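A.B. asks: Give me a 3D structure for the following:
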Amino acid sequence: MSVQAKLSPLSKRLFEAKRQKKLSFEQIGNKMGRDEVWVAALFYGQAKPTPEDGEKLSSILNIPQAHINDDLGPEFFPDRGGLMSIPPTDPTLYRFYEILQVYGYPMKAVIHEKFGDGIMSAIDYTVKIDKEPDPNGDRVKITMSGKFLPYKKF
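C.D. replies: Next up is the predicted model:
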């Protein structure tokens, strides 16, 4: 099943309005005061907006506030993580899966050496995606920053 088939009617409407207005996630994020990756997560139903986010999104995309509130209002709590199969079939998403398969345990070991016994939060977390020009082909630079959460002894 494609990811589009799993999207809510509002998510599909957000993507259509974005396409019609020829806006990037970065442009929408700048107008909302949010990061482009968070805005994309919102479009995919993976982030919870504040009422102010809903108002801004309504204004930017010219979608009635009531329609946004119907799907993303105070009673909305995202069902995170259910959009893709494992392993993913999309080549870009598969690369992340492959990175975890190859480098997951090495990254975990380095985190434990530097921070101790714990995990990196995906809740208190940011991610930044940049394009790095390179004479051998542009490179994708992904910077993840998550709060370290030590395991509690009890």
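A.B. asks: Strands of the chain, start to end?
C.D. replies: 118-132, 139-150 (DSSP state E).
A.B. asks: dump the residue contacts of Lys12.
C.D. replies: Residues near Lys12 by CB atoms under 8 Å, 6 or more residues apart in numbering: Gln4. Every C-beta, even on glycine, is put in place using the N, C-alpha and C of the backbone.
A.B. asks: Now the residue nearest in space to the middle of the chain. Nearest residue, chain neighbours left out?
C.D. replies: Centroid-nearest residue in the chain, with CA atoms, centre = their mean: Ala41, separated by 3.7 Å. Computed as CB to CB, 6 or more residues apart in numbering, the closest residue to Ala41 that is not its neighbour in sequence is Ala47, at 4.0 Å.
A.B. asks: re the thing from before, out of the strands of the chain, nearest to Asp71?
C.D. replies: Among the strands of the chain, strand 118-132 comes nearest to Asp71, with 22.1 Å by CB to CB.
A.B. asks: What pLDDT is listed against Gly73?
C.D. replies: What the model reports as pLDDT for Gly73 is 68.
A.B. asks: And for Arg80?
C.D. replies: For Arg80, pLDDT reads 82.
A.B. asks: any idea of the angle the top helix by length along the chain forms with strand 139-150?
C.D. replies: Taking DSSP state H as the criterion, the chain has its longest helix at helix 91-115. Computed with axes from the mean of the first three to the mean of the last three CA atoms, to 10 degrees, the direction of helix 91-115 lies at 40 degrees from that of strand 139-150.
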